[in-house]
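Chemist: Generate a structure from the sequence data that follows.
(2 chains)
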Protein chains: 2
Amino acid sequence: MKRTNYAGNITEEYLNQEVTVKGWVAKRRNLGGLIFIDLRDREGIVQIVINPETAHPEVAQAADKVRNEFVLEVTGKVVERASKNEKIKTGGIEIEATTIEILSASKTTPFEIKDGVEVLDDTRLKYRYLDLRRPEMLANITMRHATTRAIRSYLDGEGFIDVETPFLNKSTPEGARDYLVPSRVNKGEFYALPQSPQLMKQLLMTAGLDRYYQIVKCFRDEDLRGDRQPEFTQVDLETSFLSEEEIQELTEGLIAKVMKEVKEVDVTLPFPRMKYDDAMNFYGSDKPDTRFELLLQDLTELAHTVDFKVFAEAQAVKAIVVKNAADKYSRKAIDKLTEQAKQNGAKGLAWVKFENDELAGSVAKFLADKTAEFQTELQLENNDLVLFVADTLEVANAALGALRLTVGKQQGLIDFRKFNFLWVIDWPMFEWSEEEERYMSAHHPFTLPTKETQTFLSADGHSKDSELSKVRAHAYDIVLNGYELGGGSLRINTRELQEEMLKALGFNLADANEQFGFLLEALDYGFPPHGGLALGLDRFVMLLAGKDNIREVIAFPKNNKATDPMTQAPSVVAEKQLEELSIKLANNN
Amino acid sequence: MKRTNYAGNITEEYLNQEVTVKGWVAKRRNLGGLIFIDLRDREGIVQIVINPETAHPEVAQAADKVRNEFVLEVTGKVVERASKNEKIKTGGIEIEATTIEILSASKTTPFEIKDGVEVLDDTRLKYRYLDLRRPEMLANITMRHATTRAIRSYLDGEGFIDVETPFLNKSTPEGARDYLVPSRVNKGEFYALPQSPQLMKQLLMTAGLDRYYQIVKCFRDEDLRGDRQPEFTQVDLETSFLSEEEIQELTEGLIAKVMKEVKEVDVTLPFPRMKYDDAMNFYGSDKPDTRFELLLQDLTELAHTVDFKVFAEAQAVKAIVVKNAADKYSRKAIDKLTEQAKQNGAKGLAWVKFENDELAGSVAKFLADKTAEFQTELQLENNDLVLFVADTLEVANAALGALRLTVGKQQGLIDFRKFNFLWVIDWPMFEWSEEEERYMSAHHPFTLPTKETQTFLSADGHSKDSELSKVRAHAYDIVLNGYELGGGSLRINTRELQEEMLKALGFNLADANEQFGFLLEALDYGFPPHGGLALGLDRFVMLLAGKDNIREVIAFPKNNKATDPMTQAPSVVAEKQLEELSIKLANNN
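Modeler: Reported below is the predicted structural model:
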C-alpha cells in the first residue's frame, strides 16, 4: 500500500479517515488488554492501537510479534484518543490498525533510540545510522538542510552563480597541511584536496562571473579539536567590483535570511563593527563574545605607579572586574583560573577582592596605598573580584580574554538565547609567528592591504618590531557568540602588488612562480577588483542548533583520531593498489 | 562609483539616464573621429562612445590608452545610437562617457575572447579564466547553475533533505579504481574518495531520513575518454518505501522541471519505458537513441535457410536497412563501416544494395535466390542498403547498434532539437565479464533482484550459461538521446538476501564483512525498503547545452592526461610531505 501520510503529521484533521503509515516501532506496550505501538517516522510519532480480541488474527499476531525498531506498514482508521497527549502533534488521535505488515525486523539496538541517551561517542559513530534516528539528531540534519536552502535561495536571488571548483588540485606548502592524492597516470605526482577554493574563485572573477558562490567541502590535515574535522564545509563566495562594506552588507542579508527562515529570529542590521584592536583590547580576543560585558580594562598607567615590580615593570597591566562575586571565588577557584591564565601564556594571575572598602588578596598589600585610585579607576564596589595580568600586551589580552569567557560562564552572565553577530574589521595584514620567527599572513597572501599602509610592505618580516606589523588589510571576520563564523577580504588584483606581498612573506620569485604562477600570470590580463568571504557551515549550523560540537550537525563525522568507527576508514589497502600508484609504505610502518 | 547596471542589460528604458558600468573592453575602434568601446560584462556588451574633441581631457586620454581586455569603470549618459544593432539587447543605445577609470590593464591575450575561436584544448585549459570569458562558455557555466537550481528547488519541494556524505571513506576493491588519500594520523592506512555515496545514502534511509538528495562530486581513477573526468558530479537521491514506478515518477518530475526552467521545453510525461531486452534487440544498445528509427531487424530464421555458411551457422543474423541510400555508400564508405563493426567485435560486415529489384553487393550472390523473401521481410525498396552482422546475438547487437548511430548521423536522420528521454527497465542483475570470466553486477551488489528470479541467485557465476543470467533486477536507467543520463534501483533491505547476493558475486563471508560489514550489520536493525537513483550532472548539462564534451560545462576540468594545464596539478610534492604520511615513491620513479 502507498503511504498516505507521515506518521508524525496525523492530527484531528484526519479523524475517521483511513490512513497508511510506514515507520519504526518506537515503543510497544500492553495496557488493559490492548496493544499500543508508537510508530516513528521523520515527522514524529503516532500511536497505533490494536485490540487483539477484535482485530483480524493476522493483525493481532503481527502486533504481538513486533519489537522496538521493527519497520511496519500500518493501515487503519484515525480515531480520537481517550487520554490525549498535549505534548505531541498527533497526541489527540490514534490509529486503529486494520492491517499491519512487518517490512523489516530488528535486533535489540545497542542503545535506546531516544533523545539525551548516554552513549560513548565512538558507539554513536559506529552505529551512526541508529544515532541519526534519534529525533534531536534528525532535527540537526534537517536544520542543516534548512540552512543551506536559505543560503542558496538568498544568493540565487542576489545574482550569485553556483560554480563547482575542482577537488583534485595542486599542493601548496603555504597554509595548513594538505591531504594528498597520489596520481596513477602521472607517476610520482600528487594532487591535493582543496583547503579552500580561494584561487579558483579569484580566477572566476577574472573570468567575468561577477558573483560566485559554492557550498563546498574543504580539507585540512591538522590535529583535531572539538570543532574541527578533516573535512568541513564552507559557504564560499566572491564578487567583483564591490567594496568591503558592500560585501558585508550582502553577507548580513544572507545571515538575516538564515536566522529568519531557520530560527524565526529577526536580527538587527547592520551588525556592529568592531576594530580588531578594540576586540583585542576590550575582549582579549579577535572573536569577541559580546553577549556579556566583563570587558578588559587597561591599568598599565596606574599599575606603573605602585611599588610592585611585577606591575611596575610590565609592558601592560590589564584586569577584569567580576562584579559582586568575591565571595564566590575560593582560593581553589582562583587557582584554577590561574592555571588557565598560565595556559594562555601568562606567568601568573594577580587578584584582589574589594571587601569592606579595602583590597584583599594576593597582591593587595602592594596596592593598598593606591586603593582609592584603583577603586575609582575600576569603579569597584564591595564584593567585587579583580583579576590582573601583567605581561606583554598580547599575553595580557589573551590570558584575560580566556578568563573572561570562563568567568562569564561561571557567573551566568551569558544569555544563551542571544545571537550576537558582529564584524571585526581593520585587521593587521600580518601576524607574528613565534614558532617560525617571522611575520605571516593573518588571513592569506592574496588579501589587499590598505593603500595607506602598502608602503610598509617593503619592511623585513623577520623581526617582531618590523614595520610589517603596521600593514593593515581590507579584511573582515564575522563573529557569532564568540565563534569565528567566517572571514573575508578584498584581494590584490595587480601583479606588482601581489609579487610585493609574496616577497614580504619571504617567497623568492621562483618559489612564488612555482606555486602561484598561474595566478600571477592571470593578473596580467585585466583582473578586476574583487573580494569575498567564506563562512564555516558546520560551525554556523552548530550554533543555530545550540550544540557545542560540529559532529552533532554532520551526518557521518570522523572521531578525534580522524577515523570513522562505522566503516573503519581509513584502512589498509591492497598491495596492488599501491603498486598502481607507484608508492610504497615507508619502512617505519 | 557604484555600478548602476550590468553593461549587457542597458536598453532604451534607460535613455538620458546616467549609468555606471564596469567590465572588460571587448573591442575598441576609431571611427569618424570618435572612439567606440564595446564593454563586456557577464550580461552582455554595451557600446561606449567618446568624442575626443569634446570630452574631458582625462576621458579622452583614457579612451586613447585602453586596449582589449582592460577593465574599465565608465560613467555616462545613455543616448540613442545612430546605427542600431538589432542583434543585441543593448543595440539601440550607447553610453556617452563622462568618466572612464582604468581599473586594470591587460596584455594581449593568447587567444581572442570570442565565441567559436580556434584554440588548442590545452591552451584553453591553461588560460581557462580567459576561455571562460567567452560568452558561450559563460553561458554553459550559467546553465549549469540554472540546472542545479531547478533540481534543488524541485527536490526541496518534494521533501528531500540535502545531506552531505563524507569524502574521506573506506576503500573497497569492488567497482572502479579508487583515488586513495594516505592518512597521516593512522600511518600505513588510506582513505578513498567516494565513487558514489551509495552505501551512505542507504544508511541514511535506515536512519529514517525518508528522502535524501545531494549534488555531489564523485571520483573514479579510470582511463579518460571524451566524456569522463577524474572527478564528476552526481545528482544523488534515495527514498524509503517507494516503488520503482514512484521513484521514476519523481525523477520525471525533476527532469520536466529542469527542461522547463533551463530550456523552456515542455516534455511529455510519463517517459516511454523500454525493456532492456528490447533496447538491445531493436537498438543494439542499453541506451538507445530514439530520435530516429533505423531499427535492428532479426533475420536469423530466414538467414538460416540460405546457402551461405556464415549466415546459416551464425547464432544470430541481424540487419539494418538504410533507406534510399544505396547510391550514397561507395565501397570505401562501406569499408569504413566494416572497420567500425570489427571494432565492436564482429568478424565482418555483410551488405547488399537493392537496385532494380535485385540484390547487389558483398553477399548478394548467396542471397539471390531468396531475394523475394528478403525483400518482403525487410520491406526493401529500390536504392536501399542493407547491412548484416552474423555472429552471437550480443556481438550482432553491439556492432549494428554502433553502425546504426553512425549511419543515422551520416544520413541526417537525427533531429538535434529533440530531447528523447526514456526509461530502460527490466535489467538483468548480472552481466558476463569476458575479462574476469565471471558474472558481475550490472549495476551494483546492493540492487534488489525481483522476487520471481531470486531463486537463481544460488547458481554458480563462473560459467557464461549460468542461471545467474536469469536473475532480473529492480533497476532502471534513464536515457537521453543515446546517453545514459543516470540509473537507479531498489536496494536489498535484508541481511539474508544481501549475503546471498554477495556470495553469488563470489565474495566469501570474511571478505564481505571486511568490506561491507557495517552495511550487513545495519541490515539487522530495521532497514526499510528503499531505492533511489543518480543522475550524471555533467552529462545532463552537456546535453542541455548541446555540447559533445563534458569539459565544456565544467569550470576547471582536467585534460585527458588527468592534469590541469593551468595549475600544473598533479605535481611533485616535498619529501617532507611524504615523510609525514609515511609513504615513499616506488623505485621505478
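Chemist: Show me the shaky parts of chain A.
Modeler: Along chain A, the parts satisfying pLDDT under 70 run over A:226, A:588-589.
Chemist: Domain parsing of it, as residue ranges.
Modeler: Domain ranges of chain A: A:7-104, A:138-167+A:206-274+A:419-552, A:292-411, per the TED database.
Chemist: Mind putting those into TSV with mean neighbour count?
Modeler: From N, CA and C alone the C-beta is placed, and that goes for glycine too. Putting the domains of chain A into TSV (neighbours: other C-beta atoms under 10 Å in any protein chain shown) gives the following:
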stretch	mean neighbour count
domain A:7-104	18
domain A:138-167+A:206-274+A:419-552	19
domain A:292-411	18
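Chemist: I'd like the ones you listed as TSV, with distance to chain B appended.
Modeler: What follows is those, written out as TSV (distance: least, C-beta to the nearest C-beta, whole Å):
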stretch	distance to chain B
domain A:7-104	4
domain A:138-167+A:206-274+A:419-552	4
domain A:292-411	24
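Chemist: And the ones you listed: which comes nearest B:Met137?
Modeler: In this view, the domains of chain A are compared for proximity to B:Met137 by C-beta to C-beta, and domain A:138-167+A:206-274+A:419-552 is the closest at 8.2 Å.
Chemist: start to end distance for the closest one?
Modeler: Using C-alpha to C-alpha, to the nearest Å, one end of domain A:138-167+A:206-274+A:419-552 lies 10 Å from the other.
Chemist: beta partners for A:Val78?
Modeler: Note on A:Val78: beta-bridge partners by DSSP bridges are A:Ile95.
Chemist: after the longest strand anywhere in chain A comes which helix or strand?
Modeler: In chain A, assigned by DSSP state E, the strand with the most residues is strand A:18-31. Downstream of strand A:18-31, the first helix or strand assigned by DSSP states H and E is strand A:34-41.
Chemist: which outside residues touch that next one?
Modeler: A:6-8, A:21-30, A:45-52, A:63-64, A:66, A:72, A:74, A:94, A:97, A:113, A:133, B:208, B:210 (C-beta atoms under 8 Å, 6 or more residues apart in numbering or on different chains).
Chemist: Repeat the analysis, applying 6 Å as the threshold.
Modeler: By C-beta atoms under 6 Å, 6 or more residues apart in numbering or on different chains, the surrounding residues in contact with strand A:34-41 are A:6-7, A:21, A:23-29, A:45-51, A:63.
Chemist: and A:Leu502, that's in a strand?
Modeler: No - looking at A:Leu502 with DSSP: H, G, I helix; E, B strand; the rest coil, it is helix, so not inside a strand.
Chemist: Surely it is in contact with A:Asp511?
Modeler: No - assessed by C-beta atoms under 6 Å, A:Leu502 is found out of contact with A:Asp511, at 8.4 Å.
Chemist: And A:Gly116, how far from chain B?
Modeler: For A:Gly116, the distance to chain B equals 18 Å [C-beta to the nearest C-beta, to the nearest Å].
Chemist: what about that residue, which SS state?
Modeler: Under three-state DSSP, A:Gly116 comes out as coil.
Chemist: Leaving out the residues flanking it, which one is nearest to it?
Modeler: For A:Gly116, ignoring the flanking residues on the chain, the nearest one in space by C-beta to C-beta, 6 or more residues apart in numbering or on different chains is A:Glu136 at 7.6 Å.
Chemist: How many neighbouring residues does the one you found have?
Modeler: Using other C-beta atoms under 10 Å in any protein chain shown, A:Glu136 is surrounded by 14 other residues.
Chemist: by how many degrees do the helix or strand containing it and strand A:18-31 diverge?
Modeler: Using DSSP H and E, A:Glu136 maps to helix A:135-157. Counting by axes from the mean of the first three to the mean of the last three C-alpha atoms, to 10 degrees, helix A:135-157 lies at 150 degrees to strand A:18-31.
Chemist: what does helix A:135-157 rub up against?
Modeler: Outside helix A:135-157, the residues that touch it by C-beta under 6 Å, 6+ apart are A:115, A:131, A:213, A:215, A:235, A:254, A:257-258, A:261-262, A:541, A:545, A:552-553, A:555, B:149, B:156, B:161-162.
Chemist: And the strands in the stretch 101-250 of chain A?
Modeler: Here the stretch 101-250 of chain A has its strands, by DSSP state E, counting those that start in this stretch, at A:161-162, A:180-182, A:190-192, A:211-219, A:231-240.
Chemist: Now distance to A:Gln202 too, for those strands, in JSON lines please.
Modeler: Converted to JSON lines, the strands of the stretch 101-250 of chain A look like this (distance: least, C-beta to C-beta, whole Å):
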{"stretch": "strand A:161-162", "distance to A:Gln202": "15"}
{"stretch": "strand A:180-182", "distance to A:Gln202": "23"}
{"stretch": "strand A:190-192", "distance to A:Gln202": "17"}
{"stretch": "strand A:211-219", "distance to A:Gln202": "9"}
{"stretch": "strand A:231-240", "distance to A:Gln202": "7"}
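Chemist: B:Pro230: which of the ones you listed is closest?
Modeler: Taking the strands of the stretch 101-250 of chain A one by one with C-beta to C-beta, strand A:190-192 is closest: 8.4 Å.
Chemist: For A:Asp384, which non-adjacent residue is closest in space?
Modeler: Spatial nearest neighbour of A:Asp384, chain neighbours left out: A:Phe354 (4.6 Å); criterion: C-beta to C-beta, 6+ apart.
Chemist: ok but that neighbour is inside a strand, no?
Modeler: Yes - A:Phe354 forms part of a strand when assessed by three-state DSSP.
Chemist: Wait, it touches A:Leu380, no?
Modeler: Yes - using C-beta under 6 Å, A:Phe354 is in contact with A:Leu380, at 4.3 Å.
Chemist: hang on, the earlier thing: need the contact partners of the longest strand of chain A.
Modeler: Here strand A:18-31 makes contact (C-beta under 6 Å, 6+ apart) with A:1, A:3-5, A:7, A:36-41, A:45, A:66, A:68-71, A:73-75, A:77-78, B:241, B:526.
Chemist: ok, now stretch A:243-257?
Modeler: Under the contact criterion C-beta under 6 Å, 6+ apart, stretch A:243-257 has outside partners A:Ala150, A:Tyr154, A:Val267, A:Leu269, A:Pro270, A:Phe271, A:Trp423, A:His474, A:Leu490, A:Gly531, A:Leu533.
Chemist: Let's see which of those end up in strands.
Modeler: Judged by DSSP E, the subset of the contacts of stretch A:243-257 located in strands is A:Trp423, A:Leu490, A:Gly531, A:Leu533.
Chemist: Quickly list what the second one is bridged to.
Modeler: If I follow you right, that is A:Leu490. With DSSP bridges as the rule, A:Leu490 is bridged to A:Gly531.
Chemist: So what are the sheet partners of the longest strand of chain A and their directions?
Modeler: strand A:34-41 (antiparallel), strand A:71-80 (antiparallel).
Chemist: For B:Leu204, which of those strands is the nearest?
Modeler: Taking C-beta to C-beta as the criterion, strand A:34-41 is the member of the strands paired with strand A:18-31 that comes nearest to B:Leu204, at 13.8 Å.
Chemist: ok, back up a step: may I see the domains of chain A arranged in CSV, with distance to B:Lys87 as well?
Modeler: CSV is the format used below for the domains of chain A (distance: least, C-beta to C-beta, whole Å):
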stretch, distance to B:Lys87
domain A:7-104, 53
domain A:138-167+A:206-274+A:419-552, 20
domain A:292-411, 62
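Chemist: I'd like to know which of those domains lies nearest to A:Gln198.
Modeler: domain A:138-167+A:206-274+A:419-552 (6.4 Å).
Chemist: And the helices in the stretch 401-550 of chain A?
Modeler: Along the stretch 401-550 of chain A, counting by DSSP state H, counting those that start in this stretch, helices occupy A:495-504, A:509-522, A:537-544.
Chemist: How about A:Asp122: what's its closest non-neighbour residue?
Modeler: A:Pro565 (4.7 Å).
Chemist: wait, the one you found sits on A:Lys126?
Modeler: Yes - contact between A:Pro565 and A:Lys126 holds when scored by C-beta under 6 Å: they sit 4.1 Å apart.
Chemist: then stretch A:501-510 to CSV, C-alphas only?
Modeler: Listed next in CSV are the C-alpha coordinates belonging to stretch A:501-510 (Å, rounded to 0.1, in the frame of the first residue of the first chain):
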residue,chain,number,x,y,z
MET,A,501,53.2,40.8,-1.0
LEU,A,502,54.7,37.4,-1.7
LYS,A,503,58.2,38.9,-1.2
ALA,A,504,57.1,40.4,2.1
LEU,A,505,56.1,36.9,3.2
GLY,A,506,59.6,35.6,2.4
PHE,A,507,58.9,34.0,-1.0
ASN,A,508,61.6,34.2,-3.6
LEU,A,509,60.2,34.8,-7.1
ALA,A,510,61.0,31.3,-8.4
